[in-house]
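**Student:** Model the following, please.
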Amino acid sequence: MARTVIRVHVLDSTNVMVGTPTVPKWKDQENGVRAVDFETGAPLCTLTLFVMEGERAEAIKVTVPQTGLPNGLHPGRFVRPVDLFASPWARIFNDQLQEGVAYRCSALELVNGHAQQDMAAPESAAA
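**Tutor:** Numbers count the residues shown, from 1 in each chain. Next up is the predicted model:
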């Protein structure tokens, strides 16, 4: 079966914040075998990102090669995902359908502050 991969465009006005520390991704955790990037062989890591646009926010789990993680990355930092892709998946386990979307990017770039610089105060707060 063919695998579907969809490029995800992140708008300049979108804020993306790190929600969790990175953790190793395992191919076989019992035997200590790390998951690696097929092309480069770099070990893979996962983390949660909060994607915020306007009044909406989504938490997504993203896989990133260890070589694409910048120094100074920690929860609360704003980042820009590089080459972000989504892959829908489905499987049947114990006669139950499980489905979701797997996210992957080639790297994360640190961003200083919010992407949206114009955070207007609510009208009720105006004097």
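
**Student:** Nearest the geometric middle of this structure, what residue?
**Tutor:** Note on the chain: the residue nearest the mean C-alpha position is Val62, at 3.3 Å, using C-alpha atoms, centre = their mean.

**Student:** Excluding chain neighbours, give the residue nearest to that one in space.
**Tutor:** Spatial nearest neighbour of Val62, excluding adjacent residues (C-beta to C-beta, 6 or more residues apart in numbering): Tyr103 at 4.5 Å. For the C-beta atoms, the positions are set from N, CA and C on the backbone; glycine is no exception.

**Student:** so what's that neighbour up against?
**Tutor:** The neighbours of Tyr103, taking C-beta atoms under 8 Å, 6 or more residues apart in numbering as the test, are Val8, Ile60, Lys61, Val62, Thr63, Leu84, Phe85, Ala86, Ser87.

**Student:** OK, contacts around the nearest residue to Val36 once chain neighbours are set aside?
**Tutor:** Among residues not flanking Val36 along the chain, Pro43 sits closest, at 5.7 Å (C-beta to C-beta, 6+ apart). Contacts for Pro43 were tallied using C-beta under 8 Å, 6+ apart; they are Pro24, Lys25, Arg34, Ala35, Val36, Asp37, Pro65, Gln66.

**Student:** ok, of those residues, which come out buried?
**Tutor:** Lys25, Ala35, Asp37, Pro65, Gln66 (16 or more other C-beta atoms under 10 Å).

**Student:** Strands - which of the residues you listed land there?
**Tutor:** Those of the buried ones among the contacts of Pro43 mapping onto strands are Pro65, per DSSP state E.

**Student:** what element comes up after the strand or helix carrying Ile92 heading to the C-terminus?
**Tutor:** Per DSSP states H and E: Ile92 is located in strand 85-93. Using DSSP H and E, the helix or strand that follows strand 85-93 towards the C-terminus is strand 96-104.
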